[in-house]
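Visitor: Following is a predicted model, sequence given first.
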Amino acid sequence: MNAIASRSGPEVWTGDDLRCDQSWSVALTPTHLAEIEAAVQASAAIPVEAIAQIDFPLPSLGPVLEDVLHQLIDGRGMVRLRGLPVAAWPREKSIRAYWGLGTWLGDAVSQNAAGHLIGHVADLRQPDRPERRLYQTNKALSFHTDSCDLVGLLCLQTGRAGGDSLVASSAAVHNRLLQTDPAALAVLHETFHCDRYGEIPAGKDASYVVRVFNPMGRHLTCCGMDPDIRSAQRLPEVPRLTRAQLDALDALQAAALAVALPMTLASGDIQLLHNHVALHARAAFEDYDEPHRRRHLLRLWLSARNGRPLPEFLAERWGNIAVGQKRGGIVVPGQKTSVPLAPAP
């Protein structure tokens, strides 16, 4: 392996940097909101999943979203939009507005075997089982990335307490490990097996192989699939993690926590992340007993139309990794895509 080098550029930042620089947070103006309202109304007859960017005109907000996309792909890889009035809107209107904003950033891809193009992040209060995803519980989520170029989270409602988001620059994590634990970093440049949680494409195995850190020219692409790596140990055919691998994953989590930016998402906030350059986590939360008051976020997985080149091994997970083509997500035989309006198992 070539010598592991320190990374530089705008995608290298720490939480301390961004506490003093709020340029990553963009407030929607009354003009922007009026444009969103008009676009929702104009596209009301179109099924949500069929709405394209051309159907959702945003004369003054559009250029802002183009700059947001630039910041995601070529900048810090993290932006927050604030002020969508979801508390005053019916659920379908919020979903249509969120989807329409997403069309300016990329193309939605499926988030699960059921083909959901909008994901509902909520505690479903169902029994634990091996394939149950943690985002459907109130448990903490460790630092990870998702199987798409861009991920968006729109907060509809907050819970009673907790549930704060944490975002970390994967390049800053890489640099910290280079200084504090180079042996662990070297292991994270090697291969691991990830669990598909039973969502298996035609002709594929129940697991797939990744490397967490992947130098790609001037970029560092992170596949921070730590939870999926640990979960894959339930599969008998997957090699057992060595002590060095477990220590490296623990070191990844500790380094991410050390450089992370804590972020509280209020109702109407949208967190947008470039998965290849930003890791994200969530604290555990306490929710309300009344169903209508419970914590609820909407998730979008987007394929970026101007995304970066990716490591070849990701084709095993994504199917297609070609730049400029729709890529990422979870695709299984017989799948039909849909936009559910409410959480479902």
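Guide: That came in fine, so what should we check first? Because the structure is a prediction, the values reported are computed rather than measured. Residues are numbered from 1 along each chain as shown.

Visitor: Val259 is in contact with Met180, correct?
Guide: Small correction: residue 180 is Thr, not Met. No. Thr180 lies out of contact with Val259 (C-beta atoms under 8 Å); the separation is 11.1 Å. Any C-beta I mention is one placed from the backbone N, CA and C, and that applies to glycine too.

Visitor: If you count neighbours, what's buried in stretch 324-342?
Guide: For stretch 324-342, a neighbour-count test (16 or more other C-beta atoms under 10 Å) marks 326-332, 335, 338-339 as buried.

Visitor: re earlier: look at Thr180 and Val259 and report which has more neighbours.
Guide: Taking neighbours as other C-beta atoms under 10 Å, Thr180 and Val259 compare with Val259 leading, 22 against 13.

Visitor: and the more buried one, what pLDDT?
Guide: Here the pLDDT value assigned to Val259 is 98.

Visitor: what's the answer for Met1, then?
Guide: Looking at Met1, its pLDDT is 47.

Visitor: State the pLDDT value of the closest residue to Cys155 other than its chain neighbours.
Guide: Spatial nearest neighbour of Cys155, excluding adjacent residues (C-beta to C-beta, 6 or more residues apart in numbering): Leu265 at 4.1 Å. The per-residue pLDDT reported for Leu265 equals 96.

Visitor: secondary structure element for the residue minimising distance to the centre of the chain?
Guide: Per C-alpha atoms, centre = their mean, the C-alpha nearest to the average position across the chain is that of Val151, at 3.5 Å. Using DSSP states H and E, Val151 maps to strand 150-157.

Visitor: ok, residues contacting that strand?
Guide: Contacts to strand 150-157, defined as C-beta atoms under 8 Å, 6 or more residues apart in numbering, come from residues 72, 84, 86-87, 91, 94, 98, 102, 105-106, 121, 165, 265-275, 280, 293-304.

Visitor: before we move on, what about stretch 75-86?
Guide: 10-11, 13, 18, 24-28, 33, 36, 68, 71-72, 94, 97-98, 101, 154-156, 167, 169, 261, 263, 265-274, 276-278.

Visitor: then that stretch to CSV, C-alphas only?
Guide: Provided in CSV are the C-alpha atoms of stretch 75-86 (Å, rounded to 0.1, in the frame of the first residue of the first chain):
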residue,chain,number,x,y,z
GLY,A,75,-17.1,22.2,-0.4
ARG,A,76,-17.6,21.0,3.1
GLY,A,77,-20.2,18.4,2.2
MET,A,78,-22.7,19.6,4.7
VAL,A,79,-25.5,22.2,4.6
ARG,A,80,-28.5,22.9,6.7
LEU,A,81,-31.6,24.7,5.3
ARG,A,82,-33.9,26.3,7.9
GLY,A,83,-37.5,27.5,8.1
LEU,A,84,-39.8,25.2,6.1
PRO,A,85,-43.2,25.7,7.8
VAL,A,86,-44.0,22.0,8.1
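
Visitor: Using a markdown table, lay out the buried residues of stretch 324-342 together with distance to Leu249, pLDDT and secondary structure.
Guide: Shown next, in a markdown table, are these (distance: C-beta to C-beta, whole Å; pLDDT from 0 to 100; DSSP: H, G, I helix; E, B strand; the rest coil):
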| residue | distance to Leu249 | pLDDT | secondary structure |
| --- | --- | --- | --- |
| Lys326 | 31 | 96 | coil |
| Arg327 | 26 | 97 | coil |
| Gly328 | 23 | 96 | coil |
| Gly329 | 25 | 96 | coil |
| Ile330 | 23 | 95 | coil |
| Val331 | 27 | 93 | coil |
| Val332 | 27 | 93 | coil |
| Gln335 | 31 | 94 | coil |
| Ser338 | 34 | 96 | strand |
| Val339 | 34 | 97 | coil |
